[in-house]
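Participant: sequence and predicted structure below; questions after.
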Amino acid sequence: MNSSGKVLLGVLAGVATGAVLGILFAPDKGSETRKKIAQKGDDYVDGLKGKFDELVNNISGKYNHAKEELDGIQRKAKAQFEEA
């Protein structure tokens, strides 16, 4: 993971911790607090899923690009070999 990914992960962890602590110290009933914590947890899970999907798509795109380049190099080498 590059440094910007680590920073982003650290920021997300800090925001999540702050949100949970803010909810825990809010003057609500216990059941309301548990609902808020569950909702925030779901929100963060959805956000992380989105970031993970973005990462997978990025890696997949780079893999496909590299594969296409290698296929092109292979075709050129084969054509040069057949000419010789």
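Facilitator: Looks like it arrived, so ask away. Numbers count the residues shown, from 1 in each chain.

Participant: only C-alpha atoms from now on, for both contacts and neighbour counts.
Facilitator: Will do.

Participant: measure Ile37 to Val11 for me?
Facilitator: 19 Å (C-alpha to C-alpha, to the nearest Å).

Participant: same deal with Gln74?
Facilitator: From Gln74 to Val11 the distance is 44 Å (C-alpha to C-alpha).

Participant: per-residue pLDDT, Ser4?
Facilitator: At Ser4, the predicted lDDT confidence score is 68.

Participant: which residues touch stretch 39-54?
Facilitator: Ala16, Ala19, Val20 (C-alpha atoms under 8 Å, 6 or more residues apart in numbering).

Participant: what about the helices in the chain?
Facilitator: 3-24, 30-83 (DSSP state H).

Participant: show the average pLDDT along the last one.
Facilitator: What helix 30-83 shows for mean pLDDT is 87.

Participant: just want the angle from that helix to helix 3-24.
Facilitator: 170 degrees (axes from the mean of the first three to the mean of the last three C-alpha atoms, to 10 degrees).

Participant: can we start the residue count at 38 from this point?
Facilitator: Done: numbering now begins at 38, and the last item shifts to helix 67-120.

Participant: near Leu49, how many other residues are there?
Facilitator: 15 (other C-alpha atoms under 10 Å).
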